[in-house]
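Chemist: all I have is the shape, not the residue letters:
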């Protein structure tokens, strides 16, 4: 059930009608039923209920045990056991083949004539999201940040709230429990706000992302045909495709939740206006970054082992340099985890993990040298021109890393990188080659104008509340703009032969 499919919107429409008809005290149960239906529709597998219970039951039982033994040594044991139960299910369903591929590779290195067959099994949609959500839930109870939910069905709703299962954002129990369980009255203002955000999200996905995807897919799947400038454009396009696909799906999710009356945390903040990779990751998938810092990075950094290592390194390398050793080790582990979380392949570990760590490591350690060079050259680092250069540089670095994210395997990524330097002058003016991808002047114009609109509205949204201003307008103007956005999606949305309504990039996670 894709976020842009007619089935999904009919499903949401029916859910909303029933939700607002029933008494408030039963509204949370309607959301739970809708979430279960959503999961079954997307998986259509008897194992769905088993997989749900294998996450839900341990989480529920251990949350109660952790709370019951709060400030008791037993609580930590129950926390560890609860996390291990959740991770065992996640690893079994998502990362078994990564382990088998690694073993097969090692066998090849040592000329061992044996290969393990891959295991193919269906995992629940959004398993990576709700697994980490439940880990944070157990951890927060252990830390005393929230109380355990005594109603197992309400706990199930927190775990499986259907809009977030496809793309997030990550939610915290303490911040969302009231919105989930207390119920809401229908709000015309919330409906308008939510509808506008849903339409804007669909616009990003169908008009921009899907259209860019046609070009990207053609180049990445035909590496012998498209090289040079086509490869470079495809690499740059994929970053924008990924952003509009992911942020667009988040807009749809946020909009639907807003209509219900549920407030979700923002996940993006104009990431491509970032001057460094570090800043970009503070603006990209914000809730994942916050989760990783709170539940992996800081616990690692503050662990007894890292504290001992910190003291040893300070004695050996000095206070300033010594502190950085455990810092960077913890950071590297966190980034490897990010790569693994994105998928069971080494391309993800490199593209969204290790390379990002290398970028940040180099940024922090080369910054003093860069400042000295810029001062000697008389470059004003606060000028708009220099800021623009930094934003472009950040986009290019991030796009390079995303080659591995998009590639099917490491050798495929290397082939794409090589193709960027294979230039054929005749390709630059070969319209037939460009049109063979499915692009023409009309398609290019739509992409260009859509990107300009994306940038302009993004910048305006930082200064004013666009939806608030729209809501203050006369009803004719307000609904005129909403209908214009709707028809813009219908007219300019990409529904060609390459269109796949289920192809959400982040849905697999």
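Modeler: Received it, and whenever you're ready, just let me know what you need. Since the structure is predicted, the reported quantities are computational estimates derived from the model, not experimental observations.

Chemist: helices along the stretch 351-500 of the chain, start to end?
Modeler: Secondary structure of the stretch 351-500 of the chain (DSSP state H, counting those that start in this stretch): helices at 355-377, 384-406, 410-419, 431-436, 441-463, 466-471, 475-492.

Chemist: can you redo the ones you listed as a markdown table with mean pLDDT?
Modeler: Formatted as a markdown table, the helices of the stretch 351-500 of the chain follow (pLDDT from 0 to 100):
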| stretch | mean pLDDT |
| --- | --- |
| helix 355-377 | 92 |
| helix 384-406 | 95 |
| helix 410-419 | 95 |
| helix 431-436 | 66 |
| helix 441-463 | 86 |
| helix 466-471 | 84 |
| helix 475-492 | 85 |
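
Chemist: quick one, longest helix in the protein?
Modeler: helix 229-260 (DSSP state H).

Chemist: name the helices or strands packed onto that helix?
Modeler: helix 6-21, helix 188-202, helix 210-221, helix 384-406, helix 410-419 (3 or more Cβ pairs under 8 Å, 6 or more residues apart in numbering; DSSP states H and E). Yep, even glycine has a C-beta here, placed from its N, CA and C like the rest.

Chemist: for residue 302, which of those helices is the nearest?
Modeler: helix 384-406 (28.7 Å; Cβ to Cβ).

Chemist: between the closest one and helix 410-419, how many degrees?
Modeler: 140 degrees (axes from the mean of the first three to the mean of the last three Cα atoms, to 10 degrees).

Chemist: contacts for helix 384-406, please.
Modeler: 216, 220, 235-236, 238-239, 242, 272-277, 279-280, 342, 347-348, 350-352, 355-356, 359, 379-380, 410, 413, 416-417 (Cβ atoms under 8 Å, 6 or more residues apart in numbering).

Chemist: buried subset of these as a PyMOL selection?
Modeler: In PyMOL, this line selects whichever of the contacts of helix 384-406 come out buried by 16 or more other Cβ atoms under 10 Å:
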select buried, resi 216+220+235+236+238+239+242+272+273+274+275+276+277+279+280+342+347+348+350+351+352+355+356+359+413+416
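
Chemist: what comes up buried for the longest helix of the chain?
Modeler: Quick answer for helix 229-260 (16+ other Cβ under 10 Å): 230-260.

Chemist: mind checking the pLDDT average for stretch 89-105?
Modeler: The average pLDDT for stretch 89-105 rounds to 79.

Chemist: measure that stretch end to end?
Modeler: 24 Å (Cα to Cα, to the nearest Å).

Chemist: got the buried residues for it?
Modeler: Quick answer for stretch 89-105 (16+ other Cβ under 10 Å): 89-90, 93-98, 100-101, 104.

Chemist: where does the stretch 51-200 of the chain have low pLDDT?
Modeler: Counting by pLDDT under 70, the ranges of the stretch 51-200 of the chain that qualify are 119-124.

Chemist: how's the protein carved up into domains?
Modeler: 6-186, 188-264+437-509, 273-406 (automatic domain parsing).

Chemist: distance to residue 422 added to those, as JSON lines?
Modeler: Putting the domains of the chain into JSON lines (distance: least, Cβ to Cβ, whole Å) gives the following:
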{"stretch": "domain 6-186", "distance to residue 422": "28"}
{"stretch": "domain 188-264+437-509", "distance to residue 422": "4"}
{"stretch": "domain 273-406", "distance to residue 422": "15"}
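
Chemist: which of the ones you listed sits closest to residue 421?
Modeler: That would be domain 188-264+437-509 among these, by Cβ to Cβ, at 8.0 Å.
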